[in-house]
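> how would this look folded up:
(chains A and B)
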Amino acid sequence: MAKKATPKRPLAVDEARLRQQAIGAQLRQMFEEVVNEPVPTDFLDILRRADSGDADRD
Amino acid sequence: MAGPDTPTDEARDVEFRKALVGLIPQLRAFARTLAGDPTAADDLAQDAMMKAWDARLSFELGTNMKAWTFMILRNQFYSEKRRSWRQTQLDQEAAERTLVAVDDPASPVALDELRMGLGMLPAEQREALILVGAGGFAYEEAAEICGCAVGTVKSRVSRARRALQIILERGDYERDGKAAGEAMGSILAHAERLSGAR
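Below you'll find the predicted structure:
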């Protein structure tokens, strides 16, 4: 497919903004997807171990 | 190393711990964008979490803990990266790691494309865009996290946005069985579905 140079019109500006908004929405979704994952239990285990005796570590 | 010599701070520890636990999902998400591979990312997030815990006395409760922990995570990532410099030197390699990480059939196409596009950006542009565009940080906070000037962050974010759009429009990456140039289309379609009819 050869889709060549879009003419410089206000439409093109709107289109670019739309594309940036779409990318932005996608970025947030990508991040949120991981945020919404359940936290693996070892995170809390490690923290609990550290909490109950800092002296034991390393 | 000195242990916690001040048991009177027990209540403070409890509060700190609660806040830190609440930030784990965010730390994991940020780590994933830096390290790509989910297992390596979780290792990184755990290391950062423990560094934050060890440094808890130096944190002023009530200030921006999210930015503080992100800064710790970022520093951790780059100090490890320096140690294994030869493995992570090229952004291309980071892009390949990202490719492996997105090989998940359940992941929507548009998201895969975005991850691949991100993988092609220079690391400093990628992290600036993630912090501001996905992490919800103000430019000033992102600058603090990255240890650079606000203007630098602004220009990195803007360059990242432009570059990403070009990458996605041109389909500047290779992926078997997938026509180049479809990326932007699937991202636009996905955004439309997300936002409903406009």
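> From the structure, what's the count of residues near residue B:70?
28 (other Cβ atoms under 10 Å in any protein chain shown). To be clear about C-beta, it is placed using only N, CA and C from the backbone, and glycine gets the same treatment.
> In three-state terms, label residue B:61 for me.
coil (DSSP: H, G, I helix; E, B strand; the rest coil).
> The lengthiest helix in chain A close to chain B?
Criterion DSSP state H: the longest helix present in chain A is helix A:10-35. Yes. Judged by Cβ under 8 Å from any Cβ of the partner chain, helix A:10-35 comes into contact with chain B through A:16, A:18-35.
> What distance do you get for the spatially most central residue of chain A to residue B:118?
Among the residues of chain A, the one closest to the centroid is residue A:31, at 2.3 Å (Cα atoms, centre = their mean). Between residue A:31 and residue B:118 the computed distance is 11 Å (Cβ to Cβ, to the nearest Å).
> same deal with residue A:48?
Where residue B:118 is concerned, residue A:48 sits at a distance of 34 Å (Cβ to Cβ).
> circling back: which neighbours do residue A:31 and residue B:118 share?
Contact with both residue A:31 and residue B:118 is made by residues B:33, B:130, according to Cβ atoms under 8 Å, 6 or more residues apart in numbering or on different chains.
> Can you give the domain ranges for chain B?
B:7-89, B:90-198 (automatic domain parsing).
> count of neighbours near residue B:158?
Quick note: residue B:158 (other Cβ under 10 Å) scores 13 neighbours.
> now swap in residue B:29 and tell me
Count around residue B:29 with other Cβ under 10 Å applied: 22.
> before we move on, what about the one 10 residues further on?
Applying the criterion other Cβ under 10 Å, we find 9 residues in the vicinity of residue B:39.
> For it, pull up the helix or strand it's in.
Assigned by DSSP states H and E, residue B:39 belongs to helix B:38-54.
> Mind checking the pLDDT average for that helix?
For helix B:38-54, mean pLDDT rounds to 95.
> Is residue B:51 in contact with residue B:76, as I believe?
Yes. With contact defined as Cβ atoms under 8 Å, residue B:51 and residue B:76 form a contacting pair (6.2 Å).
> Have a look at the two and say which one is more surrounded.
Of the pair residue B:51 and residue B:76, residue B:76 is the one with more neighbours under other Cβ under 10 Å, namely 22 against 15.
> what pLDDT does residue 8 get?
Went with chain A since none was named. Each residue has a pLDDT score; the one for residue A:8 is 54.
> other chain: chain B
The model's pLDDT for residue B:8 equals 58.
> With the one 10 residues further on instead?
At residue B:18 the predicted local distance difference test score is 93.
> what about it, which SS state?
helix.
> Any stretches of chain A with poor pLDDT?
Along chain A, the model assigns pLDDT under 70 to residues A:1-11, A:53-58.
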